[in-house]
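S.K.: what would the 3D arrangement of this be:
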Amino acid sequence: MKLIISLVCGILGVILVLTFLYLQCLRKGKKESASSDSDKFLKVSYQSLLKATDAFSSTNLIGMGSFGSVYKGVLEDGGTTIAIKVFNLVRRGAYKSFTAECEALKNIRHRNLVKVLSVCSGSDYSGNDFKALIYEFMVNGSLEEWLHPAGTNGEINDGQRSLNFCQRLNIAIDVAMALEYLHHHCETPIVHCDLKPSNVLLDDDMIGHVGDFGLAKFLPITSQTSSGNQSSSLGIKGTIGYTPPGTLTLHNFVEAAVPEQLVEIVDPVLVQEMVQAEMSTINHHHHNEDNARLRMKTEECLISILEIGLACSAELPGERLDISDVVAQKSQIRKKHTVQH
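M.R.: Okay, here's the model as predicted:
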């Protein structure tokens with residue numbers, strides 16, 4: 001009997017030792033993984049950001065939003081040009097916006113999403129909380145600036161910046177591809193909730209990148225199997241004029257749609273702005289035969305784009321066009337337009 005008890009105790013002891021060693025190995029692996037992940041990001045401090053922006057000088061201010069300001073900066077180490085979004089933590093909702101953006105951006109990577117390089121969370125020299133996100137700098141600014149270029153006195157200056165039809169269509173497809181990734185190819189579907197021209201940034205190749213995830217929401221798993229004809233009861237989010245159909249306007253997004261349906265659209269308001277600008281350009285051309293033919297072909301493409309916008313703006317979320325179909329149809333329009341020209 002004593003022998004059996006000794007054997008059992010010995011076996012239990014071996015099991016405990018092996019379990020302890022296994023857990024230690026797991027912890028070591030996690031630490032190495034975390035260290036490896038952190039090495040992928042720039043390491044920045046409040047002091048380095050202060051130097052990069054010349055003490056957050058107004059001359060480096062490139063944008064302002066609901067919860068903070070965006071500055072252009074150049075890091076001393078390597079001379080990397082960056083965009084720094086500094087959160088105004090006095091504003092109600094700023095902390096929540098910072099957290100939401102960090103959660104949304106930490107595990108997503110796509111060529112049409114603004115790339116986050118690092119995060120700075122600490123205190124400034126006065127002891128106040130300081131939170132900032134560091135992004136890859138987009139040389140060509142926002143789509144808003146290209147659609148509505150303004151002069152030095154705030155007057156519209158049509159000669160300052162302009163986009164041709166192909167560029168406008170390419171950017172619309174870039175936005176659609178970003179949304180397709182967020183809705184269909186993330187582990188948990190992400191709803192942007194504030195898609196608009198000022199949140200679409202353009203790099204040096206005029207490729208569109210969706211940014212500002214301060215209002216982003218993760219779509220609950222339960223919503224994936226719920227009816228697509230129900231609308232959200234979580235309240236209206238986003239910018240007026242860019243909120244869901246059935247709440248404020250016909251043109252925009254719904255938060256409660258299932259992932260297989262379009263939660264947010266390639267904004268029909270944005271497309272309308274493209275149409276107006278394109279038609280304004282066409283109207284200034286001489287009405288010769290070639291221009292008349294070009295105008296007719298362009299109008300066909302524009303009508304096709306607006307039809308997609310209308311299909312995305314159905315009052316019931318379940319009746320809206322799937323984002324994958326939006327990408328496919330817009331790509332077909334681009335292909336047709338390229339062949340025609």
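S.K.: tell me where the chain has helices.
M.R.: For the chain, helices defined by DSSP state H occupy the ranges 2-39, 46-52, 94-105, 143-147, 165-184, 221-224, 268-283, 289-312, 323-340.
S.K.: just name the most buried of those.
M.R.: helix 165-184 (a mean of 22; mean count of other Cβ atoms under 10 Å). The C-beta positions use only the backbone N, C-alpha and C, and glycine is treated the same way.
S.K.: that one to helix 94-105, inter-axis angle?
M.R.: Helix 165-184 and helix 94-105 meet at an angle of 90 degrees, taking axes from the mean of the first three to the mean of the last three Cα atoms, to 10 degrees as the criterion.
S.K.: show me what helix 165-184 is packed up against.
M.R.: strand 190-191, strand 200-202, strand 208-210, helix 268-283, helix 289-312, helix 323-340 (3 or more Cβ pairs under 8 Å, 6 or more residues apart in numbering; DSSP states H and E).
S.K.: can you list the domain ranges for the protein.
M.R.: Domain assignment for the chain by automatic domain parsing gives 46-136, 143-340.
S.K.: closest to residue 15 out of those?
M.R.: Set against residue 15 and scored by Cβ to Cβ, these come closest in domain 143-340, at 34.6 Å.
S.K.: averaged pLDDT, the closest one. What do you get?
M.R.: Averaging pLDDT along domain 143-340 yields 71.
S.K.: ok, now which ones touch the residue nearest to residue 109 when sequence neighbours are not counted?
M.R.: Among residues not flanking residue 109 along the chain, residue 115 sits closest, at 7.8 Å (Cβ to Cβ, 6 or more residues apart in numbering). Contacts for residue 115 (Cβ atoms under 8 Å, 6 or more residues apart in numbering) come out as 109, 135, 136, 209.
S.K.: neighbour-wise, which one of those residues leads?
M.R.: Per-residue neighbour counts (other Cβ atoms under 10 Å) across the contacts of residue 115 peak at residue 209, which has 24 neighbours.
S.K.: wait, isn't that one in contact with residue 135?
M.R.: No - Residue 209 lies out of contact with residue 135 (Cβ atoms under 8 Å); the separation is 9.3 Å.
S.K.: common neighbours of these two, please.
M.R.: Residues touching both residue 209 and residue 135 by Cβ under 8 Å, 6+ apart: 114, 115.
S.K.: count of residues packed around residue 61?
M.R.: When neighbours are counted by other Cβ under 10 Å, residue 61 comes out with 14.
S.K.: that one touches residue 68, doesn't it?
M.R.: No - using Cβ under 8 Å, residue 61 is not in contact with residue 68, being 11.1 Å away.
S.K.: residues contacting the nearest residue to residue 145 once chain neighbours are set aside?
M.R.: The spatial neighbour of residue 145 that comes closest, neighbours along the chain excluded (Cβ to Cβ, 6+ apart), is residue 161 at 6.7 Å. With contact taken as Cβ under 8 Å, 6+ apart, residue 161 is in contact with 145, 146, 149.
S.K.: want to throw the residues you listed into TSV with distance to residue 315?
M.R.: Putting those into TSV (distance: Cβ to Cβ, whole Å) gives the following:
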residue	distance to residue 315
145	32
146	31
149	34
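S.K.: looking at these, spot the one nearest residue 203.
M.R.: Nearest to residue 203 among the contacts of residue 161 is residue 146, at 12.7 Å by Cβ to Cβ.
S.K.: my guess is the closest one contacts residue 140, does it?
M.R.: Yes - between residue 146 and residue 140 there is a contact under Cβ under 8 Å: 7.5 Å.
S.K.: which residues do the two both contact?
M.R.: The contact sets of residue 146 and residue 140 overlap at residue 202 (Cβ under 8 Å, 6+ apart).
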